[in-house]
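[1] Got a predicted structure plus its sequence, pasted below:
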Amino acid sequence: MEETYNPWSVVNLVFHHLAAQGLHPVLGDAGDPGPPAAQLLSALGIRPAVEGDRQIVNQVRRELADLRAAAFGEDPAPGE
């Protein structure tokens with residue numbers, strides 16, 4: 001059985017370690033910290049599970065909304 005971790009807990013741990021060393025880490029200069037956090041986790045050899053990847057979940061939701069609209073003539077819900 002594989003052990004799992006909340007990816008943000010890992011990012012938080014790394015940031016606290018760096019801050020304890022007197023460094024001032026910044027995760028992305030502005031905006032969504034997700035992509036830089038994913039790069040950090042990847043550099044550490046950590047791959048988030050698909051079900052925990054917000055970007056994949058959002059893409060799947062958009063694709064499902066498009067399919068519903070095409071098949072049933074439904075309008076996508078706001079934000080989809």
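    That came through, no problem.
[2] Residue 13 is in contact with residue 19, correct?
    No: counting by CB atoms under 8 Å, residue 19 stays clear of residue 13, with 10.9 Å between them. All C-beta spots, glycine's among them, are computed from the backbone N, C-alpha and C.
[3] so what are the domain limits for the chain?
    Domain ranges of the chain: 1-21+33-48, 49-80, per automatic domain parsing.
[4] which stretches of this structure have low pLDDT?
    Along the chain, segments meeting pLDDT under 70 span 1-4, 48-53, 76-80.
[5] Please enumerate the strands of this structure.
    In the chain, no segments count as strands under DSSP state E.
[6] Determine the longest helix present in it.
    Of all the segments of type helix in the chain, defined by DSSP state H, the longest one is helix 54-72.
[7] Please identify the buried residues of that helix?
    residue 65 (16 or more other CB atoms under 10 Å).
[8] Against which helices or strands is that helix packed?
    With contacts defined as 3 or more CB pairs under 8 Å, 6 or more residues apart in numbering; DSSP states H and E, there are no secondary structure elements packing on helix 54-72.
[9] Export only the CA atoms of that helix, formatted as CSV.
    This file holds the C-alpha atoms of helix 54-72, laid out as CSV (Å, rounded to 0.1, in the frame of the first residue of the first chain):
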residue,chain,number,x,y,z
ARG,A,54,-7.5,20.5,-8.9
GLN,A,55,-6.5,21.3,-12.5
ILE,A,56,-7.5,17.9,-13.7
VAL,A,57,-10.8,18.0,-11.8
ASN,A,58,-11.7,21.4,-13.3
GLN,A,59,-10.8,20.1,-16.8
VAL,A,60,-13.0,17.1,-16.3
ARG,A,61,-15.9,19.3,-15.1
ARG,A,62,-15.6,21.5,-18.2
GLU,A,63,-15.5,18.5,-20.5
LEU,A,64,-18.6,17.0,-18.9
ALA,A,65,-20.4,20.3,-19.1
ASP,A,66,-19.6,20.5,-22.8
LEU,A,67,-20.8,16.9,-23.3
ARG,A,68,-24.1,17.6,-21.5
ALA,A,69,-24.6,20.8,-23.6
ALA,A,70,-23.9,18.9,-26.8
ALA,A,71,-26.0,15.8,-25.9
PHE,A,72,-28.9,17.4,-24.1
